[in-house]
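Asks: Next come a sequence and a model predicted from it.
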Amino acid sequence: MTLRMLPAPAGSGIVFRRTDLDNFEIPANGRNVAKVSYATSLMRQGVLISTTEHLLSALIGMGIDNVIVEIDNLELPILDGSALPYVDAILSAGIRTQRRRRETIRVLRPVEVREGDKFIGVYPGDGYSIQYSIEFPAPIGRQSALIDLAAETYGAFIAPARTFGYKADEKKLRDMGLIRGAGPDNAIILGENGPENGPLRFADEYVRHKVLDLIGDLALAGRRIEGHVVAERAGHAMHTALVSRLLKDRSAWELAHVPVPSSAEPAAPENLAEKELAHPALQGV
Ligand SMILES: [Zn+2]
């Protein structure tokens with residue numbers, strides 16, 4: 001399969017294009033969220049794109065607002081289970097700052113979703129920051145992470161974090177068709193005593209991967225979020241439930257246009273303008 005990311009005009013957002021289906025386009029927004037369990041999928045007029053979260057995370061994490069993602073398959077490649085290969089492809093293509101001011105969803109009031117002991121909420125705040133806590137059976141236990149995306153930490157601290165699964169669940173998931181391609185090359189496989197396939201990339205790689213997934217799922221709001229997100233034991237279904245609730249509650253957010261700096265100020269700071277790829281990026285699989 002081939003996945004190609006192409007530069008796109010300001011204001012176009014992130015759009016998937018199925019090259020195997022007459023270039024049918026599916027914009028990455030809340031209207032097209034399909035089903036969500038172990039991965040997030042988009043559907044429009046019966047056409048599906050599945051497992052969108054890692055690529056969307058890489059795009060938002062690297063500050064890309066506008067891009068066309070061409071793919072000749074319904075499922076995005078899992079690669080090494082992280083977003084790092086996408087980040088590398090984006091960096092090798094280059095990032096171009098566009099003339100249009102960046103349009104964000106600025107959170108004005110808290111929006112929360114609670115389900116048993118799972119929780120996720122978004123609150124007013126400068127920039128885009130995420131606080132995530134997880135609690136899983138041993139050997140993971142409890143982990144927490146706080147990341148400020150404006151600090152350009154995504155590529156170094158979030159993108160390399162791989163997805164994970166328990167060896168004990170492997171057969172069950174495979175039988176359900178949920179982890180078709182999962183294996184030691186594209187996921188951390190957890191045994192009773194810890195990872196069975198080599199050392200972790202970070203001691204807290206598990207929670208960092210949850211942050212990675214969250215960034216990708218919240219991309220489905222359609223524009224970059226300006227606010228602070230708090231998640232506790234959440235997952236794809238909770239992430240996308242927050243997107244729906246936020247978009248529905250029109251009093252909870254506004255479309256903000258980051259002001260253009262006056263000529264007296266130094267060169268435009270990174271976050272003020274929309275960005276596209278400078279050249280096509282190819283991810284051959
Ligand atoms: Zn993931």
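Replies: In hand now; what should we look at? What you are looking at is a predicted structure, and each value in this text was computed from that prediction instead of being measured.

Asks: how many other residues sit next to the nearest residue to V211 once chain neighbours are set aside?
Replies: In space, V211 comes closest to Y132 once its chain neighbours are excluded; the distance is 5.0 Å by C-beta to C-beta, 6 or more residues apart in numbering. (C-beta placed from N, C-alpha, C; glycine too.) The tally of other residues near Y132 (other C-beta atoms under 10 Å) stands at 24.

Asks: Identify the bridge partners of Y132.
Replies: A145, A231 (DSSP bridges).

Asks: so how far is G235 from it?
Replies: Relative to G235, Y132 is positioned 11 Å away (C-beta to C-beta, to the nearest Å).

Asks: Overlap of the contact sets of the two?
Replies: Here Y132 and G235 share the contacting residues K210, scored by C-beta atoms under 8 Å, 6 or more residues apart in numbering.

Asks: Run through the helices of this protein in chain order.
Replies: Using DSSP state H, the helices of the chain run over 53-61, 84-93, 167-175, 205-218, 236-248.

Asks: mind putting these in JSON lines, distance to A156 and mean neighbour count included?
Replies: Shown next, in JSON lines, are the helices of the chain (distance: least, C-beta to C-beta, whole Å; neighbours: other C-beta atoms under 10 Å):
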{"stretch": "helix 53-61", "distance to A156": "10", "mean neighbour count": "27"}
{"stretch": "helix 84-93", "distance to A156": "10", "mean neighbour count": "19"}
{"stretch": "helix 167-175", "distance to A156": "29", "mean neighbour count": "12"}
{"stretch": "helix 205-218", "distance to A156": "11", "mean neighbour count": "26"}
{"stretch": "helix 236-248", "distance to A156": "23", "mean neighbour count": "20"}
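
Asks: neighbours of L220, just the number please.
Replies: Using other C-beta under 10 Å, L220 has 26 neighbouring residues.

Asks: Was I right to think it contacts N29?
Replies: Yes - between L220 and N29 there is a contact at 6.0 Å, judged by C-beta atoms under 8 Å.

Asks: Excluding sequence neighbours, find me the nearest residue to N73.
Replies: Spatial nearest neighbour of N73, excluding adjacent residues (C-beta to C-beta, 6+ apart): M1 at 4.3 Å.

Asks: what sits against that neighbour?
Replies: M1 makes contacts with I71, D72, N73, P77, V285, as judged by C-beta under 8 Å, 6+ apart.

Asks: Report the separation between the fourth one and the ion.
Replies: Going from P77 to the ion by C-beta to the ion, to the nearest Å gives 13 Å.

Asks: what's the answer for the second one, then?
Replies: Look at D72 and the ion: by C-beta to the ion, they are 22 Å apart.

Asks: so what pLDDT did that residue get?
Replies: In this model, D72 is scored at 96, pLDDT.

Asks: for it, phi and psi?
Replies: When quoted as degrees, to the nearest 10, the phi and psi of D72 stand at phi -110, psi 40.
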